[in-house]
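Engineer: Pasted the sequence and its predicted model underneath.
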Amino acid sequence: MVFQLKVKNKKSNRGLSEDKPNKFRSIFTKVKVVAKNVIYVKGWSKSLVENKTINFLNNKNRNNIEFSFSNFTVKTVKEPDPIVSKSKELRYKSFFKDNKNQTKDSDKFDNYCDHLVVIDKSVSDNYVVGSYRLLLKPKNKGRISFYSESEFNIDSLLKNQQLSLMEAGRSCVHKDYRDGRIIKLLWRGLASYILQNKVDLIFGCASFPSSNSELFAKELSYLNLNHRPPKKFSCHPIEKLRANYKICYGNEYDNKEIFRSLPPLIKAYIRAGAWIGEGAVCDYTFNTTDVLVVLNSKNIIKKYSNLSI
């Protein structure tokens, strides 16, 4: 995920059971900043998962969503719908530099995910201008694989069979539509999907814009000190991928300034009450330093289901 690095903060340690009706509103009051500065929730390094045994659930029985706003349609689609291919093209343009040998960002997870898309009908019926990839594990279902496992140990999330989990990733907005509208529509769609599929917990990765983690030592230390999840949701990097950086303590930085310097999407998640898992991972393929975000779905549903665009 690519960001302008700025800095500032408000301390917050929040439990899963807390209601925060104003917290998710803060994401969307800042959403124009997010849309302008955050190009995408990073694409993952395929090499990290190619040799891993992957288990999936059939996605045919999940509840789809579809609604319209002005000339935009928001809906979920699945393979082999041709719109999924359009979503992959948008992802590739957002994630990678031009490559004559490739036009789509794609991996084996795509076949088992729901793809949340925003379509500009004023251009065409398949003109995708925003996209999110959603991988759902309903409660009391067997073990499945998530993309985040290529970088992080998330066993604490997976062992609670009473939780319905959703991994959200591959988020991107067309470069000509980053004025706040599309990211709002995506998140309204996300809230609808969460509600219809009874999702309890959302997780996924967010990134700092370099694989040199030392550049973000203060930011990563701040997140580790102030926004760690409770023990039952603790997550940590796969050890061989763990980023090595100097641990900084609270007396070495100003919390408000550090919060300002966080990537916009990470700040938005934190304002919604998200936790950030322990540690970070350096992804040299994408030149990013990655952290794991964990978020209570209630924070999205309460404020985003009826958010005005």
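Structural biologist: Sure, I can see it.
Engineer: list the contacts for E214?
Structural biologist: Y245, K246 (C-beta atoms under 8 Å, 6 or more residues apart in numbering). For every residue, glycine as well, the C-beta is placed using N, CA and C.
Engineer: and it, what pLDDT?
Structural biologist: Predicted confidence (pLDDT) for E214: 96.
Engineer: Going forward, count from 6.
Structural biologist: Sounds good: first residue 6 from here, last item E219.
Engineer: For stretch 153-171, buried residues please.
Structural biologist: For stretch 153-171, the buried set under the neighbour-count rule, 16 or more other C-beta atoms under 10 Å, comprises 153-159, 161-163, 168-171.
Engineer: possible to save those as CSV with distance to E283 and pLDDT?
Structural biologist: Output for the buried residues of stretch 153-171, formatted as CSV (distance: C-beta to C-beta, whole Å; pLDDT from 0 to 100):
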residue, distance to E283, pLDDT
S153, 14, 95
E154, 16, 95
S155, 17, 94
E156, 13, 96
F157, 9, 97
N158, 10, 97
I159, 12, 96
S161, 11, 95
L162, 13, 95
L163, 17, 93
L168, 20, 92
S169, 24, 95
L170, 19, 96
M171, 21, 96
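Engineer: I'd like those laid out as a markdown table, including secondary structure and distance to E262.
Structural biologist: Converted to a markdown table, the buried residues of stretch 153-171 look like this (DSSP: H, G, I helix; E, B strand; the rest coil; distance: C-beta to C-beta, whole Å):
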| residue | secondary structure | distance to E262 |
| --- | --- | --- |
| S153 | helix | 29 |
| E154 | helix | 34 |
| S155 | helix | 33 |
| E156 | coil | 28 |
| F157 | strand | 27 |
| N158 | strand | 31 |
| I159 | coil | 31 |
| S161 | helix | 31 |
| L162 | helix | 32 |
| L163 | helix | 36 |
| L168 | coil | 36 |
| S169 | coil | 38 |
| L170 | strand | 34 |
| M171 | strand | 33 |
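Engineer: What separation is there between the nearest residue to K80 once chain neighbours are set aside and L190?
Structural biologist: What sits nearest to K80 in space, not counting adjacent residues and going by C-beta to C-beta, 6 or more residues apart in numbering, is E71, at 3.8 Å. For E71, the distance to L190 equals 12 Å [C-beta to C-beta, to the nearest Å].
Engineer: Quick check: next helix or strand after the helix or strand bottoming out on mean pLDDT in the chain?
Structural biologist: Across the helices and strands of the chain, mean confidence by mean pLDDT, DSSP states H and E is lowest for helix 36-42: a mean of 37. Counting by DSSP states H and E, the next helix or strand C-terminal to helix 36-42 is strand 71-74.
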